[in-house]
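Student: Turn this into a model:
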Amino acid sequence: MTDVKDSNEPLCRHLCQGLEMALVVVDREMRVLMMNPAVKKIMAVDHLKGIGSPVRELFPPERREQVGHLLEQTLRDGVSAEFDFWSHNPSDHAAYLIGVISPIKDDMGALVGASIVVSDTTQRVELLRQMADLRKMSALGSMAGAVAHHFNNLLGGVLTTIDFAQSSDDPQALKRALRISSAALTRANELTRDLLVFAEGDRMPSAQVRIIDIVKSFVECFSHGLDNPRIILEKELQPVEDMYPDRPLRTVLKILAANACEAMPLGGKIRLELTKEGREVCLRFADNGPGILREHISQVLEPFFTAKQQNANLSKEPTGMGLAVAHGIIRNLGGVITLNSRPGEGTVCMIRLPATEQ
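Tutor: Purely as a prediction, here's the structure:
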C-alpha cells in the first residue's frame, strides 16, 4: 500500500513551485532550507543561490532586524507574525510586499522551522490610494459646493438689500438694510470661523482646567439654561484630574447638547459620563432621540452635512458645521470623536482624549 504522506509529496512540491507568492522555508537557526521560483519574481532574489544563507539577507537592510525578531518569536512561541516592506523588482519598480511568518511543526508537535510567505500587494495599495483620492476629491467638491451655496445666499441677500436701499430715500429703509446686511455678514464670519476651527482646531488662548471641573460647570449651565423642561440630564462623572483647555471643550459639549435637544423637541434623556481608561480620558454623550440613519453616520462629522430640515424649532438655517467644529477641536487636542447610532434608538458620541496626568 502507498503511504498517504508519500503520495502527497509530489502534490506539495508542485504546489510550492507553482505558487504565485514567494515561499521561503527556514530551520531553527533561521537559515534558508527552500525557496520557490516566485521568490525571484517578487523579491528579486535568486531562489537557487540563497539556499543555506541567513534568511535576513533576503530582505532590505532596514527590515532585517524586524524580520529576525519576528522569526525568533515564531520559533520560540509558535505564533504567526506579519510584516510589510518596500522592495524593488528586477525592472526597478517599487513594490509593496506583505510577509507572513508561520511556525512549522513535526509529527510530535515540536517546532522545527518556519515558513515565510511574501505577496505583492502593490496593485491593491495603489487601488486603495486611488479610492482615497476619489473620496477626498468628492468631499472637497461637496464642501466647495456647500461653501458656495451658503455664501451665495448670504451675499445675494446683502446685494439685494443694498440695491433696494440705494433706490429709496426712506431713512428707515436704510437702517433696515444696514441691519440685514450686518446680520448676513456676521453669519458669514461665523461660517468662516467654523471652517478654520474644523481645519486647525480652536487656536485661541484658553486656560487649562481640570476636565471634571469643565464638565461640572457645563452641566450646571446646561441645567439652568434648558429651554425644554421635558429633557432630563443624567450624569456619572469620575473625579478625573487631567487638564485641558477650557473653552474648546465647553464648545464641544455645547454643540453635542444643542444637537441632542434639537433632535428631541418632545423631550427625552441625555446621559453624560466621564471616565479614565488607562492612558485615555473618555467622555460619553448619549441621548435617546430618533437616532441617525446608517448611511449618514460616515458623513455627520463632515463640514456642511446636515440631515436637519428648517422648521419652527430652529432659529436659522442649519449649516451642518456643529459636529465638524467639534471634530476639529477634538482632533487638534490629539483625541478622537466617534458616533454610534441606530434609527429609533438614540445616538452615542464617544470622545477619547490622551491623558495629561499619570
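Student: Going by C-alpha atoms from here, please, whenever you check contacts or count neighbours.
Tutor: Will do.
Student: Tell me where the longest strand sits in this structure.
Tutor: The residue-count maximum for a strand in the chain (DSSP state E) belongs to strand 94-105.
Student: Pull out the buried residues from it.
Tutor: Neighbour counts using 16 or more other C-alpha atoms under 10 Å place 95, 96, 97, 98, 99, 100, 101, 102, 103, 104 of strand 94-105 among the buried residues.
Student: Throw those residues into a markdown table and include distance to residue 338, thanks.
Tutor: Shown next, in a markdown table, are these (distance: C-alpha to C-alpha, whole Å):
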| residue | distance to residue 338 |
| --- | --- |
| 95 | 34 |
| 96 | 31 |
| 97 | 32 |
| 98 | 30 |
| 99 | 32 |
| 100 | 32 |
| 101 | 34 |
| 102 | 36 |
| 103 | 38 |
| 104 | 42 |
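Student: and residue 334, that's in a helix?
Tutor: No: applying DSSP: H, G, I helix; E, B strand; the rest coil, one finds residue 334 to be coil, outside a helix.
Student: how close does residue 71 get to residue 28?
Tutor: According to C-alpha to C-alpha, to the nearest Å, residue 71 and residue 28 sit 9 Å apart.
Student: what residues are shared contacts of the two?
Tutor: Common neighbours of residue 71 and residue 28, using C-alpha atoms under 8 Å, 6 or more residues apart in numbering, are residue 114.
Student: Which of the two has more residues huddled nearby?
Tutor: Using other C-alpha atoms under 10 Å, the more surrounded residue of residue 71 and residue 28 is residue 71, with 29 against 16.
Student: Touching, the more buried one and residue 101? I think so.
Tutor: Yes: if you go by C-alpha atoms under 8 Å, residue 71 and residue 101 touch, sitting 7.0 Å apart.
Student: Overlap in contacts, the two.
Tutor: Shared contacts of residue 71 and residue 101 (C-alpha under 8 Å, 6+ apart): residue 114.
Student: Tell me which other helices or strands the helix or strand that contains residue 129 touches.
Tutor: Using DSSP states H and E, residue 129 sits in helix 122-166. If you count contacts as 3 or more C-alpha pairs under 8 Å, 6 or more residues apart in numbering; DSSP states H and E, helix 122-166 packs onto strand 94-105, helix 171-200.
Student: Rebuild the ones you listed as TSV, extending it with mean pLDDT and distance to residue 270.
Tutor: Formatted as TSV, the helices and strands packed on helix 122-166 follow (pLDDT from 0 to 100; distance: least, C-alpha to C-alpha, whole Å):
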stretch	mean pLDDT	distance to residue 270
strand 94-105	91	46
helix 171-200	77	25
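Student: Need the winner for burial among the ones you listed.
Tutor: Compared across the helices and strands packed on helix 122-166, strand 94-105 shows the largest average neighbour count, a mean of 18 (mean count of other C-alpha atoms under 10 Å).
Student: what comes into contact with that one?
Tutor: 70-71, 74-75, 78-89, 111-122, 125.
Student: again, 6 Å this time
Tutor: 74, 78, 80-88, 111-122 (C-alpha atoms under 6 Å, 6 or more residues apart in numbering).
Student: likewise stretch 183-195?
Tutor: For stretch 183-195, contacts defined as C-alpha under 6 Å, 6+ apart pick out residue 154.
Student: Pull the CA coordinates from it and hand them back as PDB.
Tutor: The C-alpha trace of stretch 183-195 is given here as PDB (Å, rounded to 0.1, in the frame of the first residue of the first chain):
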ATOM      1  CA  ALA A 183     -26.600  90.100  10.300                       C
ATOM      2  CA  ALA A 184     -25.700  88.400   7.000                       C
ATOM      3  CA  LEU A 185     -22.000  89.400   7.200                       C
ATOM      4  CA  THR A 186     -21.900  88.300  10.900                       C
ATOM      5  CA  ARG A 187     -23.300  84.900   9.700                       C
ATOM      6  CA  ALA A 188     -20.600  84.700   7.000                       C
ATOM      7  CA  ASN A 189     -17.900  85.500   9.600                       C
ATOM      8  CA  GLU A 190     -19.300  82.700  11.800                       C
ATOM      9  CA  LEU A 191     -19.100  80.200   8.900                       C
ATOM     10  CA  THR A 192     -15.500  81.200   8.100                       C
ATOM     11  CA  ARG A 193     -14.500  80.900  11.800                       C
ATOM     12  CA  ASP A 194     -16.200  77.400  12.000                       C
ATOM     13  CA  LEU A 195     -14.300  76.300   8.900                       C
END
